[in-house]
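Build me a structure from this.
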Amino acid sequence: MDSIEKAIRSAFAKGDPGDRAFREKVYRSAFGALDRALQASPNMTEAIAARRRETLLAAITAIETEFVPARPAEAATRQPASPPPRQAAPAVAPEMAASDEVAAPEVAPEMAAPARGRREELAFAPSLDGERRPAAAGRPGKAGSGADGGIEAPPREGRRRRPRRRFGLAGLLVLLLVAGAAAALWWLAGSGGPGPVRPQPPQAGGDAAPRIPGAADALEGWIDIFTPADPTTVAAPGDSQAEVMEDDGERFIRIRSGASGSPVLFDIGQGILEQAAGGRAVFNVVARAPDGQGTQISVDCSLGELGDCGRKRYAVGATREEFLFEIDLPATRPGSGGTIAVHPDIEGGGRSVDIYAIRLLPAQ
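Model prediction:
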C-alpha cells in the first residue's frame, strides 16, 4: 500500500466511507492537494506531474471498486428472449396499412415507462472512458391497427433494457484531471516565482504526498521525532525562541526566529534514522499559526550519512494542519542522529508558529 492510498484510507476513517458524497469529498481533497504540491515543486516536469496524477487516479479506482455492490443474478430468472408470435392483423385497406409507420412510435413511451421504474442504480466506479449511453429502447414491431387505433401492437417482452450508468464521480474526476493539467501547463509557462501567503497552503517538495487533514493521526507505525511532552529535543540557537504552551488542553511549542533569522532545531535520534534507512520515509509536521496571523515556514533536515530532504516551504494558517513530505533514504548506517530545522517566518516579519508534533513513518 503506497502513501497516497494510505492517506485516502486514513481520511475515510474520519467519516463514513459508505457515503458516496463523503468519498467524493476526500477524492477532491486529494486531487487539490496533489495539484498544489506539483505547483509548489521547483523541479517538476509535465511528464512527472502527469505520472503522479495517473498514480492517484489508479489508487482511487482501486479503492472505489470495494464499494461496488454485487450485481443481482437476473439471468437465472428470466426466460431466453424470443419474439412472441405476431397477432394476425385483419385485412385492411391500402390507406390503413400506410399508417402503420405512424402508429409504432406512439407505443414507445408506454413501454419505456415501466422499464424506467425498474432501472437499476449502480454504484460509481471511476473511469476515464467517459459515460456510455445505453442503446435506445427497442422499437416495437409494426402495429396491426389502422389509423383509428382499433388494434394495439403486442410488446416485445424478450428485449431487456440495459441499466443506465449515472454520471457522477467519473465526470468529476475527468474534470479535475483536465483542470489540473491546465493549471500545471500554466504554472510551467509562468515565471515560477512564489505567490502571496494564502490561508490554505500549497505543499512543497517534488516528492511530497497529498496533505489530507487528519490523515496522519489514523495511520499506525508513526515514530515521534518531537512531542511537547519532551522539549529537551528542541534547540533555539542565537536569538530564536522556543516555549512550551497549552491551549484548550493541548500542548505545543511556540517557536519564533529573531533578527538573525536562525531556525529552531529538532533532534532526530540515531535509532529513528536506523529504522527508516533503506526505504521511503514520510515526514509529518503538525503546525498552525497563532492569533490568526498566517505565515510561511521552511523545513530543512540534516540526516547525517543518509543525506538531507531539501528545503520545503509551506503557508501555515490559523487552523491546525499536517504537512507531509516523502524522501528516499539510502540503505546506509546513519552513524549519528540528525536534525530538522524549522524557520517560522521566512519573510522576516517576526511571526511565530505552533508545532504540535513532528513524526516519521518508515516504509512498510
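
make it CA atoms for all contacts and neighbour counts henceforth
OK.

who touches the closest residue to residue 252 other than its chain neighbours in this structure?
Nearest non-adjacent residue to residue 252, counting by Cα to Cα, 6 or more residues apart in numbering: residue 356, 4.6 Å away. When contacts are counted by Cα atoms under 8 Å, 6 or more residues apart in numbering, residue 356 touches 227, 228, 251, 252, 253, 285, 286, 287.

what about residue 356, distance to residue 20?
Distance of residue 356 to residue 20, given as Cα to Cα, to the nearest Å: 32 Å.

Over to residue 50?
From residue 50 to residue 20 the distance is 26 Å (Cα to Cα).

Look at residue 227 and say how many residues are nearby.
18 (other Cα atoms under 10 Å).

wait, isn't it in contact with residue 358?
Yes. Between residue 227 and residue 358 a contact is recorded at 7.0 Å, counting by Cα atoms under 8 Å.

Can you name the next helix or strand after the stretch of helix or strand residue 314 belongs to?
In the assignment (DSSP states H and E), residue 314 maps to strand 312-316. Using DSSP H and E, the helix or strand that follows strand 312-316 in sequence is strand 321-328.

Let me know the average pLDDT across that following strand.
The pLDDT scores in strand 321-328 average 94.

which of the contacts of residue 356 tops the neighbour count?
Counting neighbours by other Cα under 10 Å, residue 287 leads the contacts of residue 356 with 24 neighbours.

Enumerate the positions of stretch 325-334 that are buried.
325, 326, 327, 328, 329, 334 (16 or more other Cα atoms under 10 Å).

Please apply the same query to stretch 54-62.
Judged by neighbour count (16+ other Cα under 10 Å), stretch 54-62 contains these buried residues: 56, 57, 59, 60, 61.

Let me know the pLDDT of the first one.
According to the per-residue confidence, residue 56 scores 85 in pLDDT.

do residue 81 as well
50.

Kindly report the domain assignment for the chain.
1-194, 220-364 (automatic domain parsing).

Those domains: lowest mean pLDDT?
Among the domains of the chain, domain 1-194 carries the lowest mean pLDDT (a mean of 61).

how about the closest residue to residue 320 other than its chain neighbours, what does it touch?
In this structure, residue 320 finds its nearest non-sequential neighbour in residue 288, 4.6 Å apart by Cα to Cα, 6+ apart. When the contact criterion is Cα under 8 Å, 6+ apart, the partners of residue 288 are 316, 317, 318, 319, 320, 321, 353, 354, 355.

possible to save the residues you listed as CSV with neighbour count?
As requested, the contacts of residue 288 are exported to CSV (neighbours: other Cα atoms under 10 Å):
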residue, neighbour count
316, 30
317, 23
318, 18
319, 14
320, 17
321, 22
353, 29
354, 24
355, 24
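
Relative to residue 307, which of those residues is nearest.
Using Cα to Cα, residue 355 comes nearest to residue 307 of those, at 24.0 Å.

Which residue, other than its chain neighbours, is closest to that closest one?
residue 287 is the one closest to residue 355 (Cα to Cα, 6+ apart), at 4.6 Å.

Show me what the one you found is bridged to.
Under the criterion DSSP bridges, residue 287 forms beta bridges with residue 321, residue 355.

doesn't residue 344 make contact with it?
No. In this structure, residue 287 is not within contact of residue 344 by Cα under 8 Å, at 10.2 Å.

So for these two, which residues contact both of them?
Common contact partners of residue 287 and residue 344 (Cα under 8 Å, 6+ apart): residue 353.

OK, contacts around the residue nearest to residue 221 when sequence neighbours are not counted?
Leaving aside its sequence neighbours, residue 221 sits nearest to residue 361 (Cα to Cα, 6+ apart; 6.2 Å). By Cα under 8 Å, 6+ apart, the contact list for residue 361 reads 221, 222, 223, 276, 281, 282, 283.

Appreciated, that's everything.
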